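Student: Pasting the sequence and the predicted model now:
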Amino acid sequence: MSTLMNTNSRIRRFGGLKALTDRFTGVELAQTGKQLVLPMVGILVFLGFWHLAAPQVNTSLGSFPGPAQVWEQSGQLWQEHINQRERADKFVTMQKERNARILAENPDAEVKIRSYPGAPTFVDQIVTSLITVMAGFLLATAIAVPLGIVLGLNRHLQAAINPLIQIFKPVSPLAWLPLVTMVVSATYVSDDPMFEKSFLTSMITVTLCSLWPTLINTGVGVAAVNPDLLNVSRVLRLSFWTHVMKVVLPSSVPIIFTGLRVSLGIAWMVLIAAEMLAQSPGLGKFVWDEFQNGSSQSLSRIMAAVLAIGFIGFVLDRVMLMLQKKIAWNE
Amino acid sequence: MSKPHLELTGVEMSFDTPKGSFIALDNINLKIKKGEFVSLIGHSGCGKSTVLNIVAGLLQATKGGCILDGHEINSPGPERAVVFQNHALMPWLTVYENVELAVQQVFRKSMTKQERRSWIHHNLELVNMAHAANKRPGEISGGMAQRVGIARALAMKPSVLLMDEPFGALDALTRAHLQDSLMEIQQDLNNTVIMITHDVDEAVLLSDRIIMMTNGPAAAVGEDLYIDLERPRNRVTLADDPTYVHYRQEVLKFLYEKQRKLESITPRRNNQTTGTNMQKDTVPAAKA
């Protein structure tokens, strides 16, 4: 994985075509070749091994899917999504036509358009999962960063809160989930709910599990501001707010971002488990439904989901890294 | 100027350590006139930085006090700007923004935006750093960063400029260059300056007056030497000026004969009791 990341950043750094041709000389060529070729070799070897080993593993749903079946099912999943979209479009157009007819006869008639009732596709589930993970992660950040700043600034408070952090940090999402579910269904009662309960349950579970690294890192970063800079702030008589915004926070941005990246990784992992257990829409539910479905293609489809989950997790981390490079002053 | 500009009276500083109270400074009395350039010199561990930090308001004297222009000092403030040994610039701000942070804070009400901008530029020009206004501290050399640190301090229009070994971390050539710049700026602005140094030549070349401190613990003012040399001073011609050589010898005698440091060979223990570097001069002596 790390060589793969390395290659990506190398490729990006090349820039224009001229830079590319300049690089392609002698040793450099060998270097670049190595960095492109070795990850490729790794992937190919893995695919080969997978291809050979998969048929040997027999399950009640047939033999374990190889790369070819997974590839085929991935295409299938995409096709299903396209078909579903077409049907949904047709469904809406049909209603519009009908509404137009009704209105032509009676201009005062009340018309409405119902959305397509079909099951969400794989792509829809991915989108739902991404929305949920971002919501949970943003909520975690909104709690962890300010709290971390307060803890980092006040040593007494830090000492008081630290044991709680240490105890709650290692708790698995699966342990939180039943509690969160019960609390959400008890407290979030509304006739016209803005969010689905299942969405709230998964989101809050994600928040509870992913806020710790950001919280801890923010606290550490704030407590570790260079004492000289703190003295500058005192000499300038900066107000508390200016002190936090102009000295403490910028100084801790790099370490906060490291925490945020770890948090987002955890958030994504937790989300899949939470969705599976809470039966809230998303990739986790997709995997669970396929598992319950138990058709001959199920395993291939689950494997396609596994790869998609891994790839999305990787992309999320890259996005955070890019953001860090843009915002943090030490990059 | 009969009334002193800055006056320290009976300043005593003690720190609580696990082994009991440790007295760093004992009965420091100083009167400093407006526009005077005063150097504090002494072996490490004698509490020079503690004196400076008390004047800055970053530390509170255990006994005695410090009066500046008729007001007692009990907290830090921009009228006593500090130049730190390691520039202490915010690494995420550009050179301009670093000075701006100070100017914004001090002259928020008394200057217009336009005036503040030209005041920032003026101070950067004073230290010859206008060309690097948009660079970050990480992109310029240590000497340049220290110049910006001085510009930031000057931009606060301080009545006393406090410098804590400002050139200690620089190489000899850069140091000489910055000393010359500082002398020129001092000539123009006539600031009151208190500077801590380890460097005898630096002390004699720059100061109107050298305060030599005895070794800690319970450090006190040992000798008070007035440097009566014409300004502007030139380091090359002064090198074999008999008066200069005489002053230099006075300081050397104090440091290496009267106050010879016997314990300097034993390894230092580095127990940071407070977590800041303010007490860096006092901590090694704590074992005594």
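Tutor: Ah, there it is. These numbers were taken from a predicted model, which means no experiment stands behind them.

Student: so what secondary structure elements neighbour the helix or strand hosting B:Glu250?
Tutor: B:Glu250 is part of helix B:242-253, with elements assigned from DSSP states H and E. For helix B:242-253, the packing partners by 3 or more C-beta pairs under 8 Å, 6 or more residues apart in numbering or on different chains; DSSP states H and E come out as helix B:200-206, strand B:209-213, strand B:221-226. Every C-beta, even on glycine, is put in place using the N, C-alpha and C of the backbone.

Student: Tabulate those (a markdown table), appending mean pLDDT and mean neighbour count.
Tutor: A markdown table is the format used below for those (pLDDT from 0 to 100; neighbours: other C-beta atoms under 10 Å in any protein chain shown):
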| stretch | mean pLDDT | mean neighbour count |
| --- | --- | --- |
| helix B:200-206 | 94 | 23 |
| strand B:209-213 | 94 | 22 |
| strand B:221-226 | 91 | 16 |
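
Student: got the ones you listed as TSV, with distance to chain A columns?
Tutor: Listed next are these as TSV, based on distance: least, C-beta to the nearest C-beta, whole Å:
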stretch	distance to chain A
helix B:200-206	21
strand B:209-213	22
strand B:221-226	25
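
Student: rewinding a little: could you pull out the buried residues of the helix holding B:Glu250?
Tutor: For helix B:242-253, burial by neighbour count (16 or more other C-beta atoms under 10 Å in any protein chain shown) applies to B:Tyr244, B:Tyr247, B:Arg248, B:Glu250, B:Val251.

Student: which among the residues you listed gets closest to chain A?
Tutor: B:Val251 (28.2 Å; C-beta to the nearest C-beta).

Student: The closest one and B:Leu225 touch, don't they?
Tutor: Yes - B:Val251 lies in contact with B:Leu225 (C-beta atoms under 8 Å); the separation is 6.8 Å.

Student: Give me the common contacts of these two.
Tutor: B:Ile210, B:Met212 (C-beta atoms under 8 Å, 6 or more residues apart in numbering or on different chains).

Student: residue ranges of the helices in chain B, please?
Tutor: B:48-56, B:95-106, B:113-126, B:142-155, B:172-189, B:200-206, B:235-238, B:242-253 (DSSP state H).

Student: want to try JSON lines for those helices, with distance to A:Asn293 as columns?
Tutor: Shown next, in JSON lines, are those (distance: least, C-beta to C-beta, whole Å):
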{"stretch": "helix B:48-56", "distance to A:Asn293": "72"}
{"stretch": "helix B:95-106", "distance to A:Asn293": "60"}
{"stretch": "helix B:113-126", "distance to A:Asn293": "67"}
{"stretch": "helix B:142-155", "distance to A:Asn293": "65"}
{"stretch": "helix B:172-189", "distance to A:Asn293": "74"}
{"stretch": "helix B:200-206", "distance to A:Asn293": "82"}
{"stretch": "helix B:235-238", "distance to A:Asn293": "88"}
{"stretch": "helix B:242-253", "distance to A:Asn293": "90"}
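
Student: Just the endpoints, please. Distance across stretch B:153-172?
Tutor: 23 Å (C-alpha to C-alpha, to the nearest Å).

Student: and that stretch, which residues are buried?
Tutor: Neighbour-count burial for stretch B:153-172 [16+ other C-beta under 10 Å]: B:153-170.

Student: Intersect these with the contacts of chain A.
Tutor: Among those, the ones lying near chain A by C-beta under 8 Å from any C-beta of the partner chain are B:Met156.
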